[in-house]
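1. Test case, fold it:
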Amino acid sequence: MLLDLVMHRPQALAAALRATPGWVWLLLAALVAWGLSQLRPRSVGLVRSVALPLAMAGLGAWGVVSVGRAGGMIWLPLAMWLALAAATSGLLRWLRPDAPAGTRYERAARRFHLPGSTAPLLLILALFGLKYAVGLETALGARHGAGFVLAVAAAYGVGTGCFLARAIRLWSLALGATGRPGAAAWRDMRSIVQR
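-> Model (predicted):
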């Protein structure tokens, strides 16, 4: 339905864009700002290093539940999303086991020093665009079958997996920076989480 609108009635698409609630544009602005902040080298703590992957996983889960509810099913799309997120993060971790060049972890400060990257911004825009397009389809009253619902769940799962792979690489770097993978880094992480 959305594709038909874009191709044959672009004026209706403009009206749909104008009818989008203001909070959606504020969310997009916040996500773009967050993505732009990833373009420059920066320093982040252990807990903050997983904030973006968790936020994007939340956006993905929300998208899967939204499209699943509209399609009359929730558990199968959620299971597919979770399975593809795990598979994608595992595959990316296997293909690129190390953190990006220039990334380092300071154990004493419990901070990562990260190089700038366009990948988070591009993934943020892709997942937001997917969520927006699916939301617009749903708002226009389109009825979708199981194939559409599962395809959307798969796309969200792959996007979520990309973010999770990045977080896993960083936390693996922290574990290896202690000289004794495991014990000291886990104590550091546990003490931060318990605060």
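
2. For the one helix or strand Leu54 maps to, give the mean pLDDT please.
-> Following DSSP states H and E, one finds Leu54 within helix 51-70. Across helix 51-70, pLDDT averages out at 85.

3. tell me what it is packed against?
-> Packing contacts for helix 51-70, counted by 3 or more CB pairs under 8 Å, 6 or more residues apart in numbering; DSSP states H and E, involve helix 75-95, helix 119-139, helix 146-176. The C-beta positions use only the backbone N, C-alpha and C, and glycine is treated the same way.

4. Low-confidence bits of the chain, can you list those?
-> Along the chain, segments meeting pLDDT under 70 span 1-8, 177-195.

5. How much space separates the most centrally placed residue in it from Gly135?
-> Residue closest to the average C-alpha location in the chain (CA atoms, centre = their mean): Met56, at 3.1 Å. Separation of Met56 from Gly135 (CB to CB, to the nearest Å): 16 Å.

6. what do you get for Ala119?
-> 24 Å.

7. same thing with Ala165?
-> Distance of Ala165 to Gly135, computed by CB to CB: 26 Å.

8. Those two: which is more packed in?
-> Ala165 (22 against 16; other CB atoms under 10 Å).

9. Would you agree that one is in contact with Ser89?
-> Yes: using CB atoms under 8 Å, Ala165 is in contact with Ser89, at 4.2 Å.

10. For Gly102, pull up the helix or strand it's in.
-> With DSSP H and E as the test, Gly102 turns up in no helix or strand.

11. show me the contacts for the residue nearest to it when sequence neighbours are not counted.
-> Among residues not flanking Gly102 along the chain, Pro115 sits closest, at 3.9 Å (CB to CB, 6 or more residues apart in numbering). For Pro115, the contact set (CB atoms under 8 Å, 6 or more residues apart in numbering) comprises Pro41, Pro100, Ala101, Gly102, Thr103.

12. what residues are up against the fourth one?
-> Residues counted as contacts of Gly102 (CB under 8 Å, 6+ apart) are Pro41, His113, Leu114, Pro115.

13. Beta-bridge partners for the second one, please?
-> In this structure, His113 has the following beta-bridge partners (DSSP bridges): Ser43, Arg104.

14. Correct me if wrong: it contacts Thr103.
-> Yes: the criterion here is CB under 8 Å, and His113 meets it with Thr103 at 6.9 Å.
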